[in-house]
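S.K.: Got a predicted model here, sequence first, then my questions.
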Amino acid sequence: MLLHCDPNDGEGSLKLVEDLTTNANEVQQQILEEILTQNADTEYLKSFLGGCFDKEQFKNKVPIVTYEDIKPYIERIANGEASRIISSQQITELLTSSGTSGGQPKIMPSTAQDLDRKTFLYNLLVPVMNQYVDGLDQGKGMYLLFIKPEIRTPSGLMARPVLTSYYKSCNFRNRPFNRFNVYTSPDETILCSDCRQSMYCQLLCGLIQRDEVLRVGAVFASALLRAIKFLEDYWQELCSNIRTGHVSDWITDPGCRNAVSDILRQPNSELAHLIESECIGNGKSWEGIIKRLWPRTKYVDVIVTGSMAQYIPTLDFYSGGLPLVSTMYASSECYFGINLKPLSEPSDVSYTLLPNMAYFEFLPVERNHDQAAVTQGIQCNGGGSDRNGLRREEEEEEEEEEEEEEEEAVDLVQVKPGHYYELVVTTFTGLYRYRVGDILKVTGFHNNAPQFRFVHRLNVVLSIDTDKTNEEDLLKAVTQAKLLLEPLGFLLTEYTSYADTCSIPGHYVLFWELKMKGNGNQQQQQQAAELNPSIMEECCSTVEQSLDSVYRRCRSKDRSIGPLEIRVVQHGTFDALMDFCVSQGSSVNQYKTPRCIKSEKTIELLDSRVVGRFFSKKTPHWEPYRMEAK
Ligand code: AMP
């Protein structure tokens, strides 16, 4: 079932949403039937179903899997074996996800038809938005979009991030209204592989066309903030280009140069002056700079749910309180759904999974998942009310009992409001009952289709941009780094971390408590303060070098993450952290140091005991994922 949506036909498109959500179950059953009949002969499905395509058998016999289970099949395809080991449709490329396996990006299969499915979802966003904001056709969108490096696998298939794949496709070039120049960034500037030139040119084009801009956006909040930081660094040069009508000489990419020159046709000193006066701000800060530079902007189109929620206050500051709109929920595996109420507050955003995108199942997860996340160190909200802190003992015991009865995955229409689930997908591209790793909460229904709040990604403790560092990766990296201290007689006794997004780009902060082997307290404290800075900086670099390739790419290629920082804290700080968490309702018996903290009070507590701060001085080594032929 491959549907088409004509975004010019607002009424027709919205009717499609109504039909899909009203018939959610029927559509899901049809989708599963199609996937099974098309793929029953693939090596993967045949190994469980012996060629049968019965839906009940599928659920009974095909296991729910993680990436590690399907990795061998995907690697075989990357190494040249035929697509049909997992998919009857030709796999045309591989998508590198921001999730990693063994330190390298996970790779997901994709097909030509998959691009059309994505286009369908993108096209729906336009009519949905038009319902809530008038007159969007009277101006332009300034969307700052970027491509990332790609590689050719031994089979000849390209492996690249999902958005790079989409931006390089005809579907993107021919996207609705593109030929009417409704976007300020020419395609050539988006498709430029030098991210500095791409950013500069997109901002220049956006500034020149500032009077026409009605919406400003990027995919994730982190990318838009990076653009604002870039603007802070480059506004004088940008204004000078506008004043002289000449693009800076360092813009050497021919596509970018030509496209920008077409827009920057003549010197415009009046515009340059106007922009300059906003940027200088006459003593004012950059508060509301988006609204001041692009005065007709009606909303900011960036995802601010999930890990991006940490950027909401900064975005509010720069946008001057414009609505922040999270339009869709998607991944490399599959595009899932859209936000049918785009103007809702970020904390109220729910996504409606479109039942024609894939076959969705849901693994129930424990009842108080928000709180469970806390004890697992996914986030520590302690510091608010005690109900936000660590859980009470009785609750934990009760839930442990519940957990013992393993629950089965349920269908899309069977999920219950208020309950938490892990998303499992079966796609047209060769993923069967695949655990995406996202935890969602059911917030309600649109017709018969449930709506979900994105709660968090399983196991991720730190994230600044598209990086997703889990507890295990963090432990491995810290373990590597602490080896540098041992010859000096120091032991790392405790650590925790947080994503510091006060400055742009944000950076990882680790709090370390150190102990001198065999020495008394006072001395320990003193020694910690006298740590050799160059060794500590080396520890910072070692942690960075040991983190996965997505972190290292963000840090060294995209520059979307700043240098990692280690803050050494006084002896006894982690005891104080425990006392604090216990005072907030944590069980003493089951207390485990959270490996990531979020609440301001906890960060303040640790910060007040810092005796030394050290930053990484090197950018970690990164090179595009290379697949060795097997
Ligand atoms: P990737 O596979 O690198 O494209 O990353 C996909 C993941 O990004 C999803 O599985 C989610 O964890 C996260 N993500 C995507 N869209 C959203 C959204 N709208 N809100 C929160 N998280 C999202």
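M.R.: Alright, I've got the coordinates.

S.K.: can you give me the helices for the stretch 151-300 of the chain?
M.R.: 162-167, 170-173, 187-190, 195-208, 221-244, 254-263, 269-280, 289-293 (DSSP state H, counting those that start in this stretch).

S.K.: Who's the closest spatial neighbour of the residue of the chain found nearest the ligand, skipping the chain neighbours?
M.R.: Per CB to the nearest ligand atom, G306 is where the chain lies closest to the ligand, at 2.7 Å. Heads up, the C-betas are built off the backbone N, CA and C, glycines and all. Ranked by CB to CB, 6 or more residues apart in numbering and with sequence neighbours excluded, the top spatial neighbour of G306 is F454, at 4.8 Å.

S.K.: of all the residues in the protein, which ones are close to the ligand?
M.R.: The chain has residues 97-99, 162, 303, 305-306, 326, 329-332, 436, 438, 454, 457, 466 near the ligand, with proximity defined as CB under 6 Å from any ligand atom.

S.K.: again, 5 Å this time
M.R.: When proximity is defined as CB under 5 Å from any ligand atom, the chain approaches the ligand at 97-98, 303, 305-306, 329, 331-332, 438, 454, 457.

S.K.: returning to what we had before: can you pull the phi/psi pair for the residue nearest to G306?
M.R.: Dihedral angles phi and psi of F454 (degrees, to the nearest 10) take the values phi -70, psi 120.

S.K.: Hmm, it is touching Y351, no?
M.R.: Yes. Shown here, F454 and Y351 form a contact pair, counting by CB atoms under 8 Å, at 6.9 Å.

S.K.: Mutual contacts of the two, please.
M.R.: Taking CB atoms under 8 Å, 6 or more residues apart in numbering as the contact rule, F454 and Y351 both touch Y329.

S.K.: could the helices of the stretch 151-300 of the chain go into a markdown table alongside mean pLDDT, distance to C540 and mean neighbour count?
M.R.: Formatted as a markdown table, the helices of the stretch 151-300 of the chain follow (pLDDT from 0 to 100; distance: least, CB to CB, whole Å; neighbours: other CB atoms under 10 Å):
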| stretch | mean pLDDT | distance to C540 | mean neighbour count |
| --- | --- | --- | --- |
| helix 162-167 | 96 | 30 | 22 |
| helix 170-173 | 93 | 39 | 15 |
| helix 187-190 | 97 | 34 | 22 |
| helix 195-208 | 97 | 24 | 23 |
| helix 221-244 | 96 | 21 | 20 |
| helix 254-263 | 97 | 35 | 17 |
| helix 269-280 | 96 | 33 | 16 |
| helix 289-293 | 96 | 32 | 21 |
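
S.K.: Next, format those helices as TSV and append distance to G572.
M.R.: Listed next are the helices of the stretch 151-300 of the chain as TSV, based on distance: least, CB to CB, whole Å:
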stretch	distance to G572
helix 162-167	47
helix 170-173	56
helix 187-190	52
helix 195-208	45
helix 221-244	35
helix 254-263	55
helix 269-280	47
helix 289-293	44
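
S.K.: remind me which residues of the stretch 1-150 of the chain are low pLDDT?
M.R.: For the stretch 1-150 of the chain, applying pLDDT under 70 flags no range at all.

S.K.: Spatially nearest residue to the residue positioned nearest the centre of the chain (excluding sequence neighbours)?
M.R.: For the chain, the residue sitting closest to the mean C-alpha position, by CA atoms, centre = their mean, is T466 at 4.4 Å. Using CB to CB, 6+ apart and skipping the chain neighbours, the partner closest in space to T466 is S98 (4.1 Å).

S.K.: Please apply the same query to A309.
M.R.: If the residues on either side of it in the chain are set aside, A309 comes closest to P346, at 6.4 Å by CB to CB, 6+ apart.

S.K.: quick one on the thing from earlier: so what's the residue of the chain closest to the ligand up against?
M.R.: Here G306 is in contact with 454, 456-457 (CB under 8 Å, 6+ apart).

S.K.: Name the SS class of E56, please.
M.R.: With DSSP: H, G, I helix; E, B strand; the rest coil as the basis, E56 sits in helix.

S.K.: Going forward, count from 536.
M.R.: Right, with 536 as the first residue, what we last looked at is E591.

S.K.: count of neighbours near it?
M.R.: 7 (other CB atoms under 10 Å).

S.K.: Then L1018?
M.R.: Neighbours around L1018, by other CB under 10 Å: 11.

S.K.: Next, find the distance separating it from S1032.
M.R.: 18 Å (CB to CB, to the nearest Å).

S.K.: And S866, by the same measure?
M.R.: As judged by CB to CB, S866 and S1032 stand 25 Å apart.

S.K.: Who has more neighbours out of those two?
M.R.: Neighbour totals were compared for S866 and S1032, and S1032 leads with 25 against 19 (other CB under 10 Å).

S.K.: That one belongs to a helix?
M.R.: No. S1032: not assigned to a helix; according to three-state DSSP it is strand.

S.K.: In this protein, which strand is the longest?
M.R.: The single longest strand within the chain, with elements called by DSSP state E, is strand 969-981.

S.K.: and K1092, what is it in contact with?
M.R.: 683-684, 730, 1157.

S.K.: Could you dump those residues into TSV and include distance to L898?
M.R.: Listed next are the contacts of K1092 as TSV, based on distance: CB to CB, whole Å:
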residue	distance to L898
K683	31
P684	34
C730	38
W1157	34
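
S.K.: In PyMOL, how would I select the buried members of these?
M.R.: The PyMOL selection below is limited to those of the contacts of K1092 classed as buried (16 or more other CB atoms under 10 Å):
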select buried, resi 683+684+730+1157
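
S.K.: May I ask which two of the contacts of K1092 are separated the most?
M.R.: Farthest pair in these (CB to CB) is C730 and W1157. Separation: 13.5 Å.

S.K.: any idea how far the residue of the chain closest to the ligand is from K683?
M.R.: From G841 to K683 the distance is 20 Å (CB to CB).

S.K.: again with G1147
M.R.: Distance of G1147 to K683, given as CB to CB: 36 Å.

S.K.: In contact with the residue nearest to G841, which residues are there?
M.R.: F989 touches 840-841, 864, 884, 886, 973, 975, counting by CB under 8 Å, 6+ apart.

S.K.: Pull up the per-residue confidence for it.
M.R.: On the pLDDT scale, F989 is placed at 96.

S.K.: What ranges does the stretch 886-1035 of the chain have for its helices?
M.R.: Secondary structure of the stretch 886-1035 of the chain (DSSP H, counting those that start in this stretch): helices located at 904-910, 928-939, 1006-1017.

S.K.: which stretch in those has the least confidence?
M.R.: helix 904-910 (a mean of 42).

S.K.: picking that back up, so which of the helices of the stretch 686-835 of the chain comes closest to F583?
M.R.: helix 697-702 (27.5 Å).

S.K.: what about the closest residue to L749 other than its chain neighbours, how many neighbours?
M.R.: In space, and not counting its chain neighbours, L749 is closest to G674: 3.7 Å by CB to CB, 6+ apart. By other CB under 10 Å, 19 other residues sit near G674.

S.K.: buried set for the longest strand of the chain?
M.R.: 969-977, 981.

S.K.: One more: stretch 667-677?
M.R.: 667, 671, 674-677.

S.K.: Adding distance to N595 and secondary structure, write these out as TSV.
M.R.: Output for these, formatted as TSV (distance: CB to CB, whole Å; DSSP: H, G, I helix; E, B strand; the rest coil):
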residue	distance to N595	secondary structure
Y667	44	helix
L671	48	helix
G674	54	coil
K675	53	strand
G676	48	strand
M677	51	strand
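
S.K.: Would you mind putting those into JSON lines with distance to E616 alongside?
M.R.: Shown next, in JSON lines, are the buried residues of stretch 667-677 (distance: CB to CB, whole Å):
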{"residue": "Y667", "distance to E616": "48"}
{"residue": "L671", "distance to E616": "46"}
{"residue": "G674", "distance to E616": "50"}
{"residue": "K675", "distance to E616": "46"}
{"residue": "G676", "distance to E616": "42"}
{"residue": "M677", "distance to E616": "44"}
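
S.K.: Show me the shaky parts of the stretch 1036-1165 of the chain.
M.R.: Ranges of the stretch 1036-1165 of the chain meeting pLDDT under 70: 1053-1064, 1162-1165.
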